[in-house]
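Asks: Please work out how this folds:
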Amino acid sequence: MISEILDRYQKYSPWQLHATLDEIFVGRVNSLVANASAHGTLEAAPYVAITDGLYTALDQCVVLWENVSRMQAEVLGLMHRSDPSDDDLREYIEAQIVKRELPELTSRLIDLKLFLVDKDPGFLPRYQNRTELFLLSREGVSDVDFGHRKRRLHLAEGFFIGHELAHILLGHIGSHTKPAAQEYLSRSPALEITDNASLPSAHRDEIQADLTGYREILFASTWEQMRREGFHPLGPDRSQLGLIVQCADGIAIAILAMYLLSALGTAPTNVSTHPHPNDRFTALTTMMERQLKKIIATTSEPDMGTAGRGFFERVSSTPRQVHTIYSRCKGILETALREVTHHP
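Replies: As a prediction, this is how the structure comes out:
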């Protein structure tokens with residue numbers, strides 16, 4: 001899937017980025033050290049390496065996201081008639097999520113830590129007979145959810161790659177960016193958001209890479225491919241709104257995976273150089289909300305989607321809804337990680 005994503009970025013991203021992107025290699029590394037990183041020197045061509053360990057963590061976060069979002073929908077349906085207060089509803093949902101998800105997730109994270117961090121020599125023989133630990137099961141997953149799973153994984157992987165490519169394009173690593181790309185990115189809204197924030201320089205670089213990787217690479221190239229191929233059944237504006245919504249949960253899962261790896265101690269990065277995951281996702285949802293508002297304010301298309309009228313209101317609320325699911329998933333991860341920390 002890496003080659004497919006990179007081909008799309010090199011072909012459909014803004015033309016000013018093409019010359020730089022064409023010189024970057026992206027590959028998957030057979031390593032249990034969970035990481036995605038960009039590299040480049042004056043003497044060598046830049047490259048991005050993504051390890052198998054990162055995909056393993058990403059899979060666990062996808063399963064957690066599926067279960068939490070499905071359970072939230074179930075609870076909302078069950079409690080709809082009783083008209084609970086927002087606080088009662090939130091407490092009930094979170095209690096049910098903890099009750100149903102925490103034991104299984106804790107067990108899986110303990111195994112993940114043994115596998116990726118501790119390199120437990122006795123774990124591999126046990127793992128060979130328990131392949132379900134790190135393989136995404138199809139059993140019990142509806143066709144609709146399975147379709148969402150493939151999309152979420154694809155967008156999360158696209159965000160990882162876009163983030164690392166953005167580090168190179170923004171000049172954070174080496175001096176490989178062509179003048180056209182430098183000029184184009186100097187006017188990017190990603191720089192406007194971070195320049196107006198009080199952030200340490202290392203944190204600013206990471207959030208700039210997040211925002212640039214999303215807006216100028218992942219979103220821009222995916223939309224341009226859809227536009228050229230005529231795949232926008234709702235009309236150009238509403239299809240762009242739909243794409244922003246689809247990107248939101250894929251990116252949220254990617255941020256959760258990064259948080260999980262950092263908390264487990266598997267990622268070889270200095271925590272002080274990376275912003276808190278909440279800050280990263282808040283910056284991303286801020287950009288998405290700006291995109292949504294701008295398109296809705298200027299479109300001449302009808303306020304109608306596949307579920308009927310009120311399409312604009314529904315998509316406008318999506319970043320907040322995704323942020324709620326993200327917060328609940330992160331809370332479950334934090335609780336499970338405390339259990340993992342005390343595990344011998």
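
Asks: so how far is stretch 18-27 off the chain centroid?
Replies: With Cα atoms, centre = their mean, to the nearest Å as the basis, stretch 18-27 stands 21 Å off its chain's centre.

Asks: And the contacts of it?
Replies: For stretch 18-27, the surrounding residues in contact (Cβ atoms under 8 Å, 6 or more residues apart in numbering) are 2, 5-6, 9-11, 13, 45-50, 161, 164-165, 168-169, 176-178, 180-181. (Glycine included, C-beta is placed from N, CA and C.)

Asks: same deal with stretch 285-292?
Replies: Identification of contacts with stretch 285-292 by Cβ under 8 Å, 6+ apart yields 189-190, 193, 211, 214-215, 219, 240-241, 244, 247-248, 315-316, 319-320, 322-323.

Asks: Tell me which of the residues you listed fall in helices.
Replies: Of the contacts of stretch 285-292, the ones assigned to helices by DSSP state H are 189-190, 193, 211, 240-241, 244, 247-248, 315-316, 319-320, 322-323.

Asks: can you pull out the strands in this structure?
Replies: 25-29, 36-39, 47-51, 304-305, 308-309 (DSSP state E).

Asks: Just give me the neighbour total for His176.
Replies: Number of residues near His176 (other Cβ atoms under 10 Å) recorded here: 18.

Asks: Please report phi then psi for it.
Replies: When read as degrees, to the nearest 10, the backbone of His176 gives phi -110, psi -10.

Asks: That one contacts Leu170, correct?
Replies: No - judged on Cβ atoms under 8 Å, His176 makes no contact with Leu170 at a distance of 10.6 Å.

Asks: Break down the chain into its helices, ranges please.
Replies: All helices of the chain, identified by DSSP H, fall at 2-12, 15-21, 52-79, 86-116, 123-128, 143-169, 179-185, 189-195, 201-212, 220-228, 236-264, 277-298, 311-341.

Asks: out of the ones you listed, nearest to Arg28?
Replies: Arg28 lies closest to helix 2-12 among those, at 5.8 Å (Cβ to Cβ).

Asks: so who does Ile325 touch?
Replies: By Cβ under 8 Å, 6+ apart, the contact set of Ile325 is 65, 68-69, 72, 249, 252.

Asks: Repeat the analysis, applying 6 Å as the threshold.
Replies: By Cβ atoms under 6 Å, 6 or more residues apart in numbering, the residues touching Ile325 are 68-69.

Asks: Read off the pLDDT value for it.
Replies: You'll see Ile325 listed with a pLDDT of 86.

Asks: and if you look at the one 10 residues further on?
Replies: Per-residue confidence (pLDDT) for Thr335: 77.

Asks: what number of residues lie near it?
Replies: Residues lying near Thr335 (other Cβ under 10 Å) number 15.

Asks: Could you check how far it is from Lys99?
Replies: According to Cβ to Cβ, to the nearest Å, Thr335 and Lys99 sit 12 Å apart.

Asks: cool, Ala181 as well?
Replies: Look at Ala181 and Lys99: by Cβ to Cβ, they are 50 Å apart.

Asks: repeat for Ala263
Replies: Going from Ala263 to Lys99 by Cβ to Cβ gives 22 Å.

Asks: Neighbour count: those two, which is higher?
Replies: Remark: of Ala263 and Lys99, Ala263 carries more neighbours, 20 against 10, as counted by other Cβ under 10 Å.

Asks: Quick one: mean pLDDT for stretch 276-296?
Replies: Throughout stretch 276-296, pLDDT has a mean value of 91.

Asks: any idea of the mean pLDDT for stretch 149-164?
Replies: Rounded mean pLDDT across stretch 149-164 is 92.

Asks: what's in contact with it?
Replies: 5, 26, 36, 38, 48, 58, 62, 209-210, 213, 217-218, 247, 249-251, 253-254.

Asks: 7 Å - rerun?
Replies: 1-2, 5-6, 26, 36-38, 48, 50, 58, 62, 66, 141, 209-210, 213-214, 217-218, 246-247, 249-251, 253-254 (Cβ atoms under 7 Å, 6 or more residues apart in numbering).

Asks: same check, this time on stretch 301-321
Replies: When contacts are defined by Cβ under 7 Å, 6+ apart, stretch 301-321 is touched by residues 234-235, 237-238, 241, 245, 248, 285, 288-289, 292, 296.

Asks: Sort out which of the residues you listed are buried, if you could.
Replies: By neighbour count, with 16 or more other Cβ atoms under 10 Å, those hold 234, 237-238, 241, 245, 248, 285, 288-289, 292, 296 as buried.

Asks: Return the member of those residues nearest to Ser327.
Replies: Relative to Ser327, the closest of the buried ones among the contacts of stretch 301-321 is Thr285; by Cβ to Cβ it sits at 11.4 Å.
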